[in-house]
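Participant: sequence below, structure please.
(2 chains)
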2 protein chains.
Amino acid sequence: MAEPQQELDQAQQAHQTLQEVSDALDSGRFVHVRRQLQDMEPEDIAHLLEASPRKSRDVLWQLTDPEDYGEILDELNEDVKDALVSQMPPEKLVEATEGMDTDDLAYVLRSLPDDVSKEILGQMDIADRHRVETALAYPEDTAGGIMNTDVTTIRGDVELDVVLRYLRMKGELPDVTDALYVIDEDSRLIGHLSLTTLITTQPDIQVCDVMDDADEAIPVDASDSDVASLFERRDWVSAPVVDENQHLVGRITIDDVVDIIREDAEHSMMSLAGMDDDEDTFAPVFQSTKRRSVWLGANVLAALAAASVSNMFEATLEQMAAIAVLMTIVPSMGGVAGNQTVALVIRGLALGHIGDSNKKELLLKEAAIGFLNGLVWACIIGGIVVVWKDDWLLGGIISAAMLTNLIVAGIAGVTIPIFLKKMNIDPALAGGMALTTITDVIGLSVFLGLATIFI
Amino acid sequence: MAEPQQELDQAQQAHQTLQEVSDALDSGRFVHVRRQLQDMEPEDIAHLLEASPRKSRDVLWQLTDPEDYGEILDELNEDVKDALVSQMPPEKLVEATEGMDTDDLAYVLRSLPDDVSKEILGQMDIADRHRVETALAYPEDTAGGIMNTDVTTIRGDVELDVVLRYLRMKGELPDVTDALYVIDEDSRLIGHLSLTTLITTQPDIQVCDVMDDADEAIPVDASDSDVASLFERRDWVSAPVVDENQHLVGRITIDDVVDIIREDAEHSMMSLAGMDDDEDTFAPVFQSTKRRSVWLGANVLAALAAASVSNMFEATLEQMAAIAVLMTIVPSMGGVAGNQTVALVIRGLALGHIGDSNKKELLLKEAAIGFLNGLVWACIIGGIVVVWKDDWLLGGIISAAMLTNLIVAGIAGVTIPIFLKKMNIDPALAGGMALTTITDVIGLSVFLGLATIFI
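Facilitator: Okay, here's the model as predicted:
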């Protein structure tokens, strides 16, 4: 009973470790920390590094056993990895990358300066180097970029007993192997034999009689998001990757797909707030300032656009300060309502739920929701204004502006992300800002325009 | 070559199917649609249903083979599932749920009215009913709630050859089986034998000599997020679940964990925008209006708080309309900068990177970024205002307000989510709104306050 408890406490109480380690670092008990690190799994050390402020992180990295470097680097967030790798001398890096999986090594090499990665490749034996170079030849965000080349292949015309004897001779199988791939004499993939079939079937049966067809193979140039959605829908654990001639070139395993799924989902959240999803929680101040500044710059333009609208109505504002007091309410409600729609549409686009066949229905639905919520809040806000400012006209004007702006917000919330996607601009990155600009400008124009006409 | 292409096209061009199906529905070619549905995998039908407007969805459901209902229901988004299930008569539901996995069936039963789920349970044979009732006894968001009870167990004191003969007799293994669980005479979990070990080891060796220890077992009351983070870090495909006496009660497989990972990540994005992550893209208008209204109501309070601040400075606003024109810029920049920090902190909290040991560093870092970006944008906006309004004093005032508000945004962006989490309020749900209220109120107060004092 003690052991599983301990296992889970490690996840829940990673912060206790973190606290202990940082206390030990503060008091200079480096030997103690080194011993603690030796008892930890590489993935837990990666987590500890990500959760550590930069100064402690560098000390921790020094105290970590270099033999674990490869596995730890593989688990780290991109920005954290880059920072650590950039400080390591090339010969240490060569040492660290020994024994990494080809896909993981290719992933690390991509982020290194060319001369360093060449040096590392130069130190590898020819077979390994060839494998890594094959992986590097494919773009990072394709099936080829995330696949592993350690496939176990068998022939279709042998009995299962022969396969079992072959595997016992081999003595081990790559991690996350749930199937063996069946190829013909030209190395073309013709099917796969799952391990469960292998062990539940009589040994005198031929492979080709119990194997599954090769129609699950992933083309090497498929995008990583498509691969992730296939894995998710088909509940796969691993899948073979083939080139255009149906030659088996590698396989993709669920552990790498899980990373893609999490990154894709995080990307939407971080992008909507104008953040890079690779951003390290403890990134250096100047680096973060520079990155975030770009987004703030875009917002300055949006804010100035809104200010220019109010500027056109300066005379009205001068006449009646109550209008200035109330003018922020309509844009604010429009922005919030519109961003609800934007979030729904961005998720729908990411999941592949929205396309030409149903975007009209979606638009009508969101416009209707905007109309209904517009009615509700027009009445409430209008009522508040009538009571607060004792001015029926002003209450009517703000109600009309609210209703208009919430309908606009619903329509813009659907059309902006779909339009951006069509223009090949990331809707998560630009959608929220574009929406807010429109609801600000329309909200202010309608409210101040009506006020100018009627007051 | 044709086959894998076809497979991937299915993912990329789900919309072509959708378009075809909706065309066929429009022209009343129901037989054609029924035939198309028969050729599709249950998970693809689920995707099609989610991507269909409500009217077509109901027709599609009628045209689907009831034998696939169970598997399809299991793949559907919660809101879509609830809507379809609520229309089905209980006897159809009983039929539909035949042959579902226990964990999936328990998941569906939870969302049904009590009398319907009792009727379904009553129709099952005793062994199955007992299994489902066991699963239902655990809360939905715990290991017990997501586990499957179809475990394959073996004893430790037998030779691998005996295990292989036993498995061949059994003839099949549950989906996503990558290990057999080894139990002692009291059904206590003592270890697991991976299939890869089973097939690469000589058959005359005993199970207990090659099995892995039981320290990977998950306590049945562990939270689903902890389970997901363990799977993600350890690259597991499946893991055993034990009760407090170390008795094996079930196992969790990666396909269910992938759903949790996606839902958790989506939850942050949707919540930040004030949306429920179960929301169906094509939800009924009234249901969506009501749900979103709550969030808009919260924003009304925030907008009124900001308006009350400007109201206190009505005299100043009356005196100089330029102040009203410019007063939206400072809150807008503060809101955007603060929400960048909020997104970073919410992700950090979700990943377990932020705790007592490092929150001070994080606060200092974000305050420093706020200070630096505040300086940059204070100069730029101040400059623009000086040129635009030809007023040095006004430029100075907006600069000072901008700098203050961006520092406040950095500090509030860190403290609000951490505080909410401590209060057991979901930081993703309330964090952005609370932050915006603070940056609006502070931004307006400082800008209008300084203007009142100096102009």
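Participant: which residues of chain A score low on pLDDT?
Facilitator: Along chain A, the parts satisfying pLDDT under 70 run over A:1-15, A:99.
Participant: and the strands in it?
Facilitator: Here chain A has its strands, by DSSP state E, at A:153-155, A:179-183, A:189-194, A:212-213, A:218-219, A:238-242, A:248-253.
Participant: just checking the first one against chain B, any contact.
Facilitator: Right, strand A:153-155. No: applying C-beta under 8 Å from any C-beta of the partner chain, one finds strand A:153-155 separated from chain B by no less than 11.9 Å. Using the backbone N, CA and C atoms, a C-beta is placed for each residue, glycine as well.
Participant: what lines up beside that strand in the sheet?
Facilitator: strand A:179-183 (parallel) (DSSP bridges).
Participant: relative to strand A:238-242, how tilted is the strand it pairs with?
Facilitator: Calculated by axes from the mean of the first three to the mean of the last three C-alpha atoms, to 10 degrees, strand A:179-183 forms an angle of 20 degrees with strand A:238-242.
Participant: quick one: strand A:179-183 to chain centroid distance?
Facilitator: In terms of C-alpha atoms, centre = their mean, to the nearest Å, the gap separating the centre of strand A:179-183 from the centre of its chain is 31 Å.
Participant: what's the angle from that strand to strand A:248-253?
Facilitator: When the same axes, to 10 degrees is applied, the directions of strand A:179-183 and strand A:248-253 differ by 160 degrees.
Participant: buried sites along strand A:179-183?
Facilitator: Neighbour-count burial for strand A:179-183 flags A:179-183 (criterion: 16 or more other C-beta atoms under 10 Å in any protein chain shown).
Participant: same question, stretch A:92-106
Facilitator: The neighbour-count check on stretch A:92-106 (16+ other C-beta under 10 Å) flags A:93-97, A:100-106 as buried.
Participant: including distance to chain B, could the residues you listed go into CSV?
Facilitator: As requested, those are exported to CSV (distance: C-beta to the nearest C-beta, whole Å):
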residue, distance to chain B
A:93, 23
A:94, 25
A:95, 23
A:96, 19
A:97, 19
A:100, 14
A:101, 11
A:102, 16
A:103, 13
A:104, 11
A:105, 16
A:106, 18
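Participant: residues from the stretch 101-250 of chain A in reach of chain B?
Facilitator: Contact residues (C-beta under 8 Å from any C-beta) of the stretch 101-250 of chain A with chain B: A:164, A:167-168, A:170-173, A:175-178, A:195-196, A:198-203, A:213-219, A:222, A:226, A:229-235, A:237, A:242, A:244-246.
Participant: what sits up against stretch A:136-147?
Facilitator: Under the criterion C-beta atoms under 8 Å, 6 or more residues apart in numbering or on different chains, residues A:103, A:106-107, A:109-110, A:135, A:218-225, A:227, A:241, A:249-252, A:256-257, A:260 lie in contact with stretch A:136-147.
Participant: and if we set it to 6 Å?
Facilitator: Residues outside stretch A:136-147 that contact it (C-beta atoms under 6 Å, 6 or more residues apart in numbering or on different chains): A:106, A:218, A:220-222, A:224, A:227, A:241, A:250, A:252, A:256.
Participant: looking at the buried residues of strand A:179-183, which one is closest to residue A:349?
Facilitator: Checking the buried residues of strand A:179-183 against residue A:349 by C-beta to C-beta gives residue A:179 as the nearest, at 32.8 Å.
Participant: and that closest one, what does it touch?
Facilitator: Applying C-beta under 6 Å, 6+ apart to residue A:179 gives the contacts A:192, A:194.
Participant: got the residues of the stretch 351-455 of chain A near chain B?
Facilitator: Within the stretch 351-455 of chain A, the residues that sit near chain B (C-beta under 6 Å from any C-beta of the partner chain) are A:352-353, A:355, A:357-358, A:361, A:365, A:368-369, A:372-373.
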